[in-house]
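In: Model the structure of this input:
(one chain, ligands or ions: 1)
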Amino acid sequence: MSETLLTDTRHGVRVLTLNRPDRLNALNGDILAALNAAFDSLAAEDDVRAVLLTGAGRGFCAGADLMQITDSAPPRDLGIIIDKFYNPLVRKMRALPKPIVCAVNGVAAGAGMNLALAGDIIIANRSANFTQAFVRIGLLPDAGGTYFLPRLVGEARARAMAMLGETLSAAQAEQIGLVWKIFDDEVFAAEALTMAANLAAKPPLALAAMKQALNAAAGNGLDAQLDLERDLQRELGVTADFEEGVRAFLEKRPAVFKGK
Ligand code: T3D
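Out: The predicted model follows:
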């Protein structure tokens, strides 16, 4: 695995740490390839039941590496990089049948912010901030930004964030529902791991079904969504984990879920 992406597995959680702290973890080809490869193998790894994505140093991710972009002479076809790295990565994150916690430990800018939005639960430390920096350099939000942002915070806020490129503090991001929770900087790493480990102990098949249903809801009408919920619930209703969950409740003990 590349040094630009640190990987570790703890308490059933695959911890992925973007590791270019001197560049605020800006995304170059190496880190993007490593991220894509990391998400390729995750679905099949039974011992990994949740993912935690975070950054090393004082930043989460400053978006595309602008130094690398300017390595090549204009005119540049940015679509090539987007097709090769960003779009597959966002699709893999959304399709992964396991929960992804994005732990934003500092600035999240441009595609760095939008990578966080592609996760399932976004948390931040108090000194984190968020900016759709694209407009400052003459680009539009990519890596799913125009899709996720309005769904998370509403059209008005999404349009203003994209067009003005202003920076939101962690507290503002929490207030508008962009992040689930914020934590003090000193306890953030521990809280993030605790949350991901908590998810890793929950019923994996139910979490996978939730992701499937919530992903589908963005394109479904109510009838199709109700049918999908019924079909998925039918599948969950015959799992050993459902039996265990009900038995554990009745026996007043914590359930032990096995993903079966
Ligand atoms: O083909 C494609 O890849 C297309 C896809 C595009 C997707 C995008 O993400 S476009 C948006 C790209 N990102 C940006 O425009 C953000 C650029 N960075 C900033 O605006 C600021 O650095 C921040 C607001 C993120 C943080 O500001 P601050 O003051 O906390 O830190 P800083 O001093 O600006 O940055 C620290 C270092 O990181 C600095 O290097 P130095 O001077 O210490 O040697 C800076 O150059 C470097 N850095 C920050 N962002 C990037 C970067 N280096 C390369 N690429 C960056 N994106």
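In: Excluding chain neighbours, what is closest to Asn36?
Out: Spatially, and ignoring its direct neighbours in sequence, Asn36 is nearest to Leu89 (5.3 Å; Cβ to Cβ, 6 or more residues apart in numbering). Where you see a C-beta, it was placed from the backbone N, CA and C, and this is true even at glycine.
In: show me what contacts the one you found?
Out: Going by Cβ atoms under 8 Å, 6 or more residues apart in numbering, Leu89 touches 32, 35-36, 39, 115, 118, 143.
In: near the ligand, which residues of the stretch 101-250 of the chain?
Out: With the criterion set to Cβ under 6 Å from any ligand atom, the stretch 101-250 of the chain comes near the ligand through 107, 109-111, 133-134, 136-137, 139, 142.
In: Separate out the buried members of those.
Out: Buried positions within those, assessed by neighbour count (16 or more other Cβ atoms under 10 Å), are 107, 109-111, 133-134, 142.
In: Need those in TSV (columns: pLDDT and secondary structure).
Out: As requested, those are arranged in TSV below (pLDDT from 0 to 100; DSSP: H, G, I helix; E, B strand; the rest coil):
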residue	pLDDT	secondary structure
Val107	98	strand
Ala109	98	strand
Gly110	98	coil
Ala111	98	helix
Ala133	98	helix
Phe134	98	helix
Asp142	98	coil
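In: Which one of the residues in the stretch 151-260 of the chain is closest to the ligand?
Out: For the stretch 151-260 of the chain and the ligand, the shortest gap (Cβ to the nearest ligand atom) falls at Thr167, measuring 7.0 Å.
In: Arg10 touches Thr194, doesn't it?
Out: No. Under the contact definition of Cβ atoms under 8 Å, Arg10 does not touch Thr194, with a separation of 10.7 Å.
In: Where does pLDDT dip in this structure?
Out: Low-confidence segments of the chain (pLDDT under 70): 1.
In: Which parts of it are strands?
Out: In the chain, the segments counted as strands under DSSP state E are 5-10, 13-18, 50-55, 59-61, 100-104, 107-109, 121-125, 129-131, 167-169, 181-183.
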